[in-house]
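J.: coordinates only, sequence not included:
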């Protein structure tokens, strides 16, 4: 649910943003109709990692659309809001129950867990401080191993290219073998036989 854009403010990358449909009563229409009348409205929910309650929830403002443009575009295209980081359910260090607990307090990614402030740790329940440290250590280890992973990926790509090159050369060699020039004996036989045949016809 995280989002970044050209109109983002410092710290917005740590916020969790959700756009959703809703409705609001239109007082003017209700008064005119003599019964409650409602308009379809887009709502935004902004949460900070580890916070139980939204820091803002209300009707979408124009500034929200530019500030959280990626999340807004995904919402309008009926796509899932992009998540910035590793989804918490893919982290092997916690149980499915713990995943649900963390998501309930605005922690959908390992990055969000690592960014939970000391003040909000109490909302994460028992062992929250230790869990946050594990997330921090996990991300640090992943970052330090990134160059090695990239190198391995490049090596695999080179291996694949070499394999494709060898296969292409083998195919070319096979094609050439089919069209190879005749041996000296074959060439001699091919040259003499037509003459013998021609000579016999002449004698007849």
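T.: Sure thing, it's come through. Note that the structure is predicted; figures quoted are calculated from it, not measured. Numbers count the residues shown, from 1 in each chain.
J.: distance from stretch 33-53 to the middle of the chain?
T.: Per C-alpha atoms, centre = their mean, to the nearest Å, the displacement of stretch 33-53 from the mean C-alpha position of its chain is 29 Å.
J.: ok, residues contacting it?
T.: Defining contact as C-beta atoms under 8 Å, 6 or more residues apart in numbering, one finds that stretch 33-53 is touched by 14-26, 29-30, 54-61, 64, 68, 75, 104-107, 112-113, 115-117, 120-121, 123-124. To be clear about C-beta, it is placed using only N, CA and C from the backbone, and glycine gets the same treatment.
J.: give the buried residues for it.
T.: Residues of stretch 33-53 classed as buried: 42-51 (neighbour count, 16 or more other C-beta atoms under 10 Å).
J.: for those, could you give me TSV that also reports pLDDT?
T.: Listed next are these as TSV, based on pLDDT from 0 to 100:
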residue	pLDDT
42	92
43	93
44	92
45	91
46	91
47	87
48	87
49	87
50	86
51	84
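J.: the top helix by length along the chain - contacts with which helices or strands?
T.: Ranked by residue count, the top helix of the chain under DSSP state H comes out as helix 128-178. Packing contacts for helix 128-178, counted by 3 or more C-beta pairs under 8 Å, 6 or more residues apart in numbering; DSSP states H and E, involve helix 110-114.
J.: tell me where the chain has helices.
T.: Secondary structure of the chain, counting by DSSP H: helices at 27-33, 62-67, 69-76, 96-104, 110-114, 128-178, 184-203.
J.: re the thing from before, tabulate the buried residues of stretch 33-53 (a markdown table), appending distance to residue 139.
T.: Formatted as a markdown table, those follow (distance: C-beta to C-beta, whole Å):
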| residue | distance to residue 139 |
| --- | --- |
| 42 | 33 |
| 43 | 32 |
| 44 | 28 |
| 45 | 26 |
| 46 | 23 |
| 47 | 20 |
| 48 | 18 |
| 49 | 14 |
| 50 | 16 |
| 51 | 21 |
